[in-house]
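Undergrad: quick one, what's the 3D model for this:
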Amino acid sequence: MDYQTINKDNLPKWINTLKYLTSILVENDIKYYLSASGLEYILGSNIYPYDIDLFMHKENVQKAYELLKDYSVSDLHKWENRLIEFQGKYNGIPFEICEWEKEPKKLINKKFKDFEVSIIG
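TA: The predicted structure follows:
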């Protein structure tokens, strides 16, 4: 079995995890955007995501860490000695929350299934 088949089989858990994570961020007024294979998937690609990559302002990474501490698998740390991030796992699906290098000019909410996901506009 190849990785794309495994990722496709895990899609219901991936979608549930994305919905859970983004709902916590929205409830706590944390602006974020989805990136990487998850973004490609919700935009209609046939790439099935393995994990969830969310980017946000530095202070919000720290806030998200406190909110999601029960699911973190790493401490807050610097990536490439510049940007803070942490990794976690919810419902068996890995996620990474990272500081964005530059605040996006525009974020839009993209309808996906029965919820919305913030992406760069």
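
Undergrad: would you map the strands across this protein?
TA: 33-35, 52-56, 77-79, 83-90, 93-99, 107-112, 115-120 (DSSP state E).

Undergrad: partner strands of the last one, with direction?
TA: For strand 115-120, the paired strands and their directions (DSSP bridges) read strand 107-112 (antiparallel).

Undergrad: that older thread, and the strands of the chain, which is most packed in?
TA: strand 52-56 (a mean of 23; mean count of other C-beta atoms under 10 Å). Yep, even glycine has a C-beta here, placed from its N, CA and C like the rest.

Undergrad: so what does it touch, helix or strand wise?
TA: helix 11-27, strand 33-35, helix 36-42, strand 93-99 (3 or more C-beta pairs under 8 Å, 6 or more residues apart in numbering; DSSP states H and E).

Undergrad: how about the last one as PDB, C-alpha atoms only?
TA: Spelled out, it's strand 93-99. Written as PDB, here are the backbone C-alpha positions of strand 93-99 (Å, rounded to 0.1, in the frame of the first residue of the first chain):
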ATOM      1  CA  ILE A  93      -3.300  13.000  12.600                       C
ATOM      2  CA  PRO A  94      -0.100  15.100  12.900                       C
ATOM      3  CA  PHE A  95      -0.300  18.900  12.800                       C
ATOM      4  CA  GLU A  96       2.200  21.700  12.900                       C
ATOM      5  CA  ILE A  97       1.600  25.200  13.900                       C
ATOM      6  CA  CYS A  98       4.200  27.700  12.700                       C
ATOM      7  CA  GLU A  99       4.900  31.400  12.800                       C
END
